[in-house]
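# any chance you could fold what I've pasted below:
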Amino acid sequence: MRLKADITLFLISIIWGSAFVAQRIAGQVGSVYIFNGARYLLAALVVLPFAWRSFKNTNSKISNGHYKWMGVAGVFLFIGSAFQQAGMVYTTAGNAGFITSLYVVLIPIILFMFWSEKPHWLFIVAVALAMAGAFLLSTGGKFAIHLGDILEIIGAFFWAAHVIVLGKYASKYESMSFSVGQLAVCGALNFGVGVFAEPMPVFDSNLLFAIAYTALLSLGLCYTLQIWAQKHTPPADAALILSLESVFAVISGWLLLDERLAPVQIFGAFLIFAAVLLSQFKEWTSGTIDHDHLVEGR
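Below is the predicted model of the structure:
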C-alpha cells in the first residue's frame, strides 16, 4: 500500500507540473480571470459530490467560523491564482513552476513577520539559495527584470499565506466541504473580476482543454487522490515527492511547448529546487511537516 501511495503522489506531481503548460496555453490567449474563474468553479463542482458524502458521513455542521475561514482562504487563493496566471502571459511554464515552488521557502518568513515564529537557521540558508536561484532563472544572469517572473514571485507570497491559513484554521473544520467552499469563492471572484477587467476570450479547443485539464485533473482528481495517498505515506515523504512538481513543469514546457533554458537558468532552477528541499529538511528528519492541503493552491 505504501508503494502505491508513493506512486500516486509521483503521478500527482507530474500532473501538477504539466498543468503549468495548460495554464501557459491559456496565458498565450491573454486569459487570466475568466480562465481561472471557469477552472476553479468547475473544480468545485467536481469535488462537491465527495464533499457531500464526507459531510453526511461525519454529520458535520457548517459554523460561522467555517464560512469565515473558507472565505479568507478563497480570497488568498484568488489573489495567488490571479498573479500566477497573469505571470503565465509573460513567462514560461518552467519558470512559473519553479518560482511558484518558492512558497515553501516563504512560509517561515511570513510566520516570522506576522506570528513571530522564529525560523530555523536552515530556512535562512534556503531563502538565500532561493533568491539566487530566482535571479538566475528569471534573468539568465543579466541585470534585467521580467514582468512575468515578478508576478509569479508576488503570487508565491499569496500561495504561502494561503497554506498558512489552511494549516492554522482549516484543520478545525471538515476538509472536503472547506475545499469546495474556497474553490467556489476563488472561482466566483476570478470570474466576477474577469467580466469587468478583461474581454471575454474565444473558447476554442485549446482554451477548453486547458480549463478541463486543470479543473478535472490538477484540482479535482489530484485533490481526491492526495487525500487517499497521504493516509499511507509519511507527510514529510509526501512533501518531498510532491516538490518534484517544479521539475515536471520544466520537462513539460520543453516537451510540449519547446521551451528552453540556458545553462545558467538550469543552475538557477537547481538552486530553487535545493532551497525547497532544504526548507523541508528539518521537518523531514522529524516527520512533522503538514502538507495536507497543498493541492488547493493549484
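# where do the helices sit along this protein?
In the chain, the helices defined using DSSP state H lie at 2-28, 33-58, 64-88, 93-100, 103-115, 121-139, 147-169, 175-197, 205-212, 222-229, 235-242, 245-257, 263-279, 281-286.
# relative to helix 64-88, how tilted is the fourth one?
With axes from the mean of the first three to the mean of the last three C-alpha atoms, to 10 degrees applied, the angle from helix 93-100 to helix 64-88 works out at 140 degrees.
# what's helix 93-100 in contact with?
With contact meaning C-beta atoms under 8 Å, 6 or more residues apart in numbering, helix 93-100 is reached by 17, 20-21, 23-24, 84, 87-88, 91, 133-134, 137-138, 148-149, 152-153, 155-156, 159, 245-246, 248-250, 252-254, 257, 259, 261, 268-269, 272-273. Where C-beta positions appear, they are placed from N, C-alpha and C, glycine not excepted.
# any chance of the helices of the chain in CSV, with mean neighbour count and mean pLDDT too?
What follows is the helices of the chain, written out as CSV (neighbours: other C-beta atoms under 10 Å; pLDDT from 0 to 100):
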stretch, mean neighbour count, mean pLDDT
helix 2-28, 21, 89
helix 33-58, 20, 88
helix 64-88, 21, 93
helix 93-100, 29, 90
helix 103-115, 18, 85
helix 121-139, 20, 84
helix 147-169, 21, 89
helix 175-197, 21, 92
helix 205-212, 16, 93
helix 222-229, 20, 76
helix 235-242, 20, 68
helix 245-257, 21, 89
helix 263-279, 20, 87
helix 281-286, 14, 60
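# for stretch 210-229, how far is the first residue from the last?
25 Å (C-alpha to C-alpha, to the nearest Å).
# number the residues from 11 up from this point.
That works, and once the first residue is 11, the last one we named lands at stretch 220-239.
# how distant is that stretch from the center of its chain?
Averaging C-alpha positions (C-alpha atoms, centre = their mean, to the nearest Å) puts stretch 220-239 12 Å from its chain's average.
# ditto for stretch 268-284
Centroid separation between stretch 268-284 and its chain, computed with C-alpha atoms, centre = their mean, is 20 Å.
# can I get that stretch in CSV? Just the C-alpha atoms.
Provided in CSV are the C-alpha atoms of stretch 268-284 (Å, rounded to 0.1, in the frame of the first residue of the first chain):
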residue,chain,number,x,y,z
ASP,A,268,9.6,23.7,-26.9
GLU,A,269,10.6,26.0,-24.1
ARG,A,270,14.4,26.0,-23.5
LEU,A,271,16.6,27.0,-20.5
ALA,A,272,20.1,28.4,-20.8
PRO,A,273,22.7,26.6,-18.7
VAL,A,274,22.7,29.4,-16.1
GLN,A,275,18.9,29.2,-15.9
ILE,A,276,19.2,25.5,-15.3
PHE,A,277,21.6,26.2,-12.5
GLY,A,278,19.1,28.7,-11.1
ALA,A,279,16.3,26.1,-11.2
PHE,A,280,18.6,23.7,-9.4
LEU,A,281,19.2,26.3,-6.6
ILE,A,282,15.5,26.8,-6.2
PHE,A,283,14.9,23.1,-6.0
ALA,A,284,17.7,22.7,-3.5
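# contacts for that stretch?
102-104, 108-109, 111-112, 139-140, 142-148, 150-151, 253, 256-257, 260, 263-264.
# again, only this time at 7 Å
102-104, 108, 111-112, 139-140, 142-147, 150-151, 256-257, 260, 263-264 (C-beta atoms under 7 Å, 6 or more residues apart in numbering).
# repeat for stretch 175-193
Stretch 175-193 has contacts (C-beta under 7 Å, 6+ apart) with 50, 53-54, 57-58, 60-61, 64-65, 68, 70, 72, 76, 79-80, 82-84, 86-87, 233, 300, 303, 306.
# what pLDDT does the nearest residue to Leu157 once chain neighbours are set aside get?
Nearest non-adjacent residue to Leu157, counting by C-beta to C-beta, 6 or more residues apart in numbering: Tyr100, 5.0 Å away. We have a pLDDT of 92 for Tyr100.
# may I have the phi/psi pair for Tyr100?
Note on Tyr100: backbone dihedrals following degrees, to the nearest 10 are phi -120, psi -10.
# quick one, what contacts it?
Counted by C-beta under 7 Å, 6+ apart, Tyr100 has contacts 156-158.
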